[in-house]
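Undergrad: Quick one, structure for this:
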Amino acid sequence: MLLDPLQSRVLLNHALENRYAILAVNADSHAAITDCLEAALQVDAPVIIETSLWQLEGYSFGAGDPITGVARYLADLAVMANSKKYENIPVIYHTDHIKGAQTFSILEAAIKGIRFQFHDNSSTLKASTISLDASSFTHEETIHHISHLCEFAEKNNVPVTLEMEDAVDEGITSAEVAELLLGTIEQRYPGQIFLWAPGTGTKHGFGINMDFSLKTIEQHILLTKQITGREIGIALHGSTGLRNHDLSEASKAGVIKVNWSTESLYIRSNAAKEYYKVMEDQLDKSHKEWKNTAMDNGVQRFVSAAYIPKVQERMLILGGEGKAGAAMKIIGTSQALS
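TA: Sure, this is the predicted structure:
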């Protein structure tokens, strides 16, 4: 089931209280979305599906228009996540790595909702959780941007569940910076931040994360409570290259969201490469199976066979196995009480 911002808070709190992390996959195609849902179903794990600007503008979704991309992505995800097959898997849609001149217009649309008409009906599609890319911001600019999103949500009387980040590729985030960023927003807009993404010694891409320290995670969990009076789960960026043991222990320490993009793309692209290599002869027009081989269903099934087990493996490492059903019970109870 695709969660709204308030339901997402319940899920994130469940992960924090039970010390497991939710895999957050940067899924860049309709097939990748389906594979992530299927992996989550098979291990009974919650999942976060997230998109960056390049996906929203990409040909599979927005075809140059990122706001159309948000709507199209959400429509596809909602149809699948709310289907009978996947309705018992809690699914968060998260905006990730949104930056540039269109940042506010994209995120405001994702928060307020994008209304679209079909036949005699209309629907409004909203993101579950929101973040923006702080990699090029000063700390003051990060505070300004997050404050703007909070103000926008208040003005439009809609809930927003936010992830706040420091420039995660630039080393360890200090206690002073955490106090400045988290402390300022919590004072101005209490209870809006549900994910904190400090620099923990990791880097995006295939670089070896030699500076990652579990102690940093533990320190930042303590800092969130000291600064805000409550624990805020850690979002881990740049997880490719971390050892399985590090990921598992980080989840137990308070990491509740683990972004996964680089390795995910690598697995899918290389599986597709292998498919066309193996099936090269069948793509000749004289071959009786060329049409079935050329159809999207052929390559996507081949990719899925390689990809889904890797997604499941990562969910197991993060401790998510068997948590979907328990989380859905709590989400259902919270709905009944609201």
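
Undergrad: what ranges do the helices span in the stretch 101-250 of the chain?
TA: 103-112, 139-155, 175-188, 214-228, 244-253 (DSSP state H, counting those that start in this stretch).

Undergrad: most packed of those?
TA: helix 103-112 (a mean of 20; mean count of other CB atoms under 10 Å). (Glycine included, C-beta is placed from N, CA and C.)

Undergrad: List of residues touching it?
TA: 53, 56, 66-67, 70, 95, 98, 126-127, 130, 132-133, 145, 148-149, 152-153, 156, 158, 160 (CB atoms under 8 Å, 6 or more residues apart in numbering).

Undergrad: Would you list the buried entries among those?
TA: 53, 56, 66-67, 70, 95, 98, 126-127, 130, 132-133, 145, 149, 152-153, 160 (16 or more other CB atoms under 10 Å).

Undergrad: then the host helix or strand of I331 to CSV, C-alphas only?
TA: According to DSSP states H and E, I331 maps onto helix 323-337. Extracted in CSV, the C-alpha atoms of helix 323-337 (Å, rounded to 0.1, in the frame of the first residue of the first chain):
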residue,chain,number,x,y,z
LYS,A,323,8.4,-6.4,9.3
ALA,A,324,5.8,-5.5,6.7
GLY,A,325,2.8,-7.3,8.3
ALA,A,326,3.6,-5.9,11.8
ALA,A,327,4.0,-2.4,10.5
MET,A,328,0.7,-2.6,8.5
LYS,A,329,-1.1,-3.5,11.7
ILE,A,330,0.2,-0.4,13.4
ILE,A,331,-0.6,1.8,10.4
GLY,A,332,-4.1,0.4,10.3
THR,A,333,-4.6,1.1,14.0
SER,A,334,-3.3,4.7,13.7
GLN,A,335,-5.8,5.2,10.8
ALA,A,336,-8.7,4.0,13.0
LEU,A,337,-7.7,6.3,15.8
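
Undergrad: Flag every buried residue along that helix.
TA: Under 16+ other CB under 10 Å, the buried positions of helix 323-337 are 323-324, 327-328, 330-331.

Undergrad: okay, the residues you listed in TSV with pLDDT and distance to Q300 next?
TA: Formatted as TSV, these follow (pLDDT from 0 to 100; distance: CB to CB, whole Å):
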residue	pLDDT	distance to Q300
K323	98	28
A324	98	24
A327	97	29
M328	97	28
I330	95	34
I331	94	31
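
Undergrad: can you list contacts of the one helix or strand K291 maps to?
TA: Counting by DSSP H and E, the element that carries K291 is helix 290-294. Contacts of helix 290-294 with the rest of the structure, by CB under 8 Å, 6+ apart, involve 279, 282-284, 287, 298.

Undergrad: Which single one of these is nearest to N82?
TA: G298 (27.7 Å; CB to CB).

Undergrad: Contacts only, for the closest one.
TA: Counted by CB under 8 Å, 6+ apart, G298 has contacts 275, 279, 292.

Undergrad: Return the distance of it relative to N292.
TA: 6 Å (CB to CB, to the nearest Å).

Undergrad: what would the helices of the stretch 101-250 of the chain look like in JSON lines with distance to N259 and mean pLDDT?
TA: Below are the helices of the stretch 101-250 of the chain laid out as JSON lines (distance: least, CB to CB, whole Å; pLDDT from 0 to 100):
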{"stretch": "helix 103-112", "distance to N259": "18", "mean pLDDT": "96"}
{"stretch": "helix 139-155", "distance to N259": "18", "mean pLDDT": "96"}
{"stretch": "helix 175-188", "distance to N259": "19", "mean pLDDT": "96"}
{"stretch": "helix 214-228", "distance to N259": "14", "mean pLDDT": "95"}
{"stretch": "helix 244-253", "distance to N259": "12", "mean pLDDT": "95"}
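
Undergrad: Quick one, which of those gets closest to I48.
TA: Using CB to CB, the nearest of the helices of the stretch 101-250 of the chain to I48 is helix 244-253, at 13.7 Å.
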